[in-house]
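>>> Here is my input; please provide its structure:
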Amino acid sequence: MNKGHLYRLKQIHEIEKQIHFEKIKRESVVKKYHRVINFFHVCFILVQFCMFLLNIGFLANFQELTGNISGKILQGLNLISGSVSIFLKGLEKFLFNQIERHEKQKVLTEMQLNSIRNMVSKALTGNEISEVEFENILSQTRKRN
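This is a model prediction of the structure:
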């Protein structure tokens with residue numbers, strides 16, 4: 001084996017390692033987004049429950065003539081709860097879009113890694129990676145960037 005072959009093998013190994021770490025990073029980011037979405041979902045349920053309790057309190061208070069001030073306070077709290085609920089749903093949708101984007105990137109990374117491994121495997125059938133095969137592998141790496 002000549003020095004050029006060893007250099008190309010080392011470079012290919014480094015490329016594969018970088019792509020593999022990128023794949024792991026994407027998986028980690030997706031897991032974090034899922035945890036955040038679960039947290040926001042619990043918050044959304046709590047806000048909905050608070051709105052339910054506020055509505056019950058407002059209806060109970062509505063029947064009294066002296067409860068005007070407390071009824072307005074309950075209405076204000078209900079309005080704030082509704083706004084928070086809408087905000088949480090919008091944030092949840094944004095996070096789902098981020099997860100989808102990262103999942104697509106992860107799949108593309110896996111496809112690129114498999115493609116490079118196949119090219120290396122074919123190149124090594126002759127026990128040496130030629131300069132042309134090495135350039136093909138590098139061009140495959142550059143396609144995604």
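>>> give me the number of residues near Leu46?
When neighbours are defined as other C-beta atoms under 10 Å, Leu46 has 14 of them. Heads up, the C-betas are built off the backbone N, CA and C, glycines and all.
>>> mind checking pLDDT for it?
pLDDT recorded at Leu46 is 87.
>>> and if you look at Val120?
Confidence at Val120, expressed as pLDDT, is 78.
>>> got it, and Phe62?
If you check Phe62, the pLDDT there is 58.
>>> what do you get for Val29?
Predicted confidence (pLDDT) for Val29: 90.
>>> quick one, helices of this structure?
Remark: helices assigned in the chain by DSSP state H are 3-62, 68-123, 131-144.
>>> Only the buried residues of stretch 119-133, if you could.
Buried residues in stretch 119-133, counted by 16 or more other C-beta atoms under 10 Å: 119-120, 123, 129, 133.
>>> okay, these in CSV with distance to Phe96 next?
As requested, the buried residues of stretch 119-133 are exported to CSV (distance: C-beta to C-beta, whole Å):
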residue, distance to Phe96
Met119, 35
Val120, 36
Ala123, 41
Ile129, 42
Glu133, 41
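>>> Looking at those residues, spot the one nearest Ser28.
Val120 (26.2 Å; C-beta to C-beta).
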